[in-house]
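Undergrad: quick check, what structure comes out for this input:
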Amino acid sequence: MPKQATDYIEEGVSLRNVLERFKYHKFSVVPVIDKEGKYKGTLSEGDLLRYIVELPNFNMALAEKISIDSIKRYRSYEPLSINDSLINIFSLSLDQNFIPLVDDRGLYIGIIKRKEIIEYLFEKKMEICDEEVEK
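TA: This next block holds a predicted model:
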């Protein structure tokens, strides 16, 4: 999916903004990019929950003043280059729900969802089965 068709968060936005976006879009993990568009990692529900639990007297007014840059990320999805091999894509999809894609400059250009990979492999398998039936 190209960048325009995916959701992502820019560094520097408020915790409140991110919480509202997670709720609306039902995110579990979302890519984070910087102002120049470079991929910086991912932010997860778990990252947000761990941060909020440790805040005394958390409320949405406080969340407006907190930048997501201060939230520790416990695991970030590894990106791949748009030029990476299918083997690398398949391998990484075993551990990640999606794979962030970057260009040669590290700019975020989109994602590949695990579902899309499974659909691709299924279609290839069906093509092989159809060829065998025709023989």
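Undergrad: show the pLDDT at the closest residue to residue 14 other than its chain neighbours.
TA: Counting by C-beta to C-beta, 6 or more residues apart in numbering, residue 14 lies nearest to residue 64, which is 5.2 Å off, once chain neighbours are set aside. The way it works is simple: take the backbone N, C-alpha and C, and place the C-beta from them, glycine included. Residue-level confidence at residue 64 comes out at 95, pLDDT.
Undergrad: end-to-end on stretch 31-49?
TA: End-to-end distance for stretch 31-49: 17 Å, by C-alpha to C-alpha, to the nearest Å.
Undergrad: check what pLDDT the residue nearest to residue 107 when sequence neighbours are not counted gets.
TA: Leaving out its chain neighbours, the residue that sits closest to residue 107 by C-beta to C-beta, 6+ apart is residue 37, at 4.8 Å. On pLDDT, residue 37 comes in at 95.
Undergrad: cool, residue 133 as well?
TA: 69.
Undergrad: which residues in this protein form strands?
TA: Remark: strands assigned in the chain by DSSP state E are 9-10, 29-33, 39-44, 80-81, 98-102, 108-113.
Undergrad: contact partners of the fifth one?
TA: Around strand 98-102, the neighbours that count as contacts under C-beta atoms under 8 Å, 6 or more residues apart in numbering are 29, 31, 38-39, 42, 77-82, 89, 92-93, 108-114.
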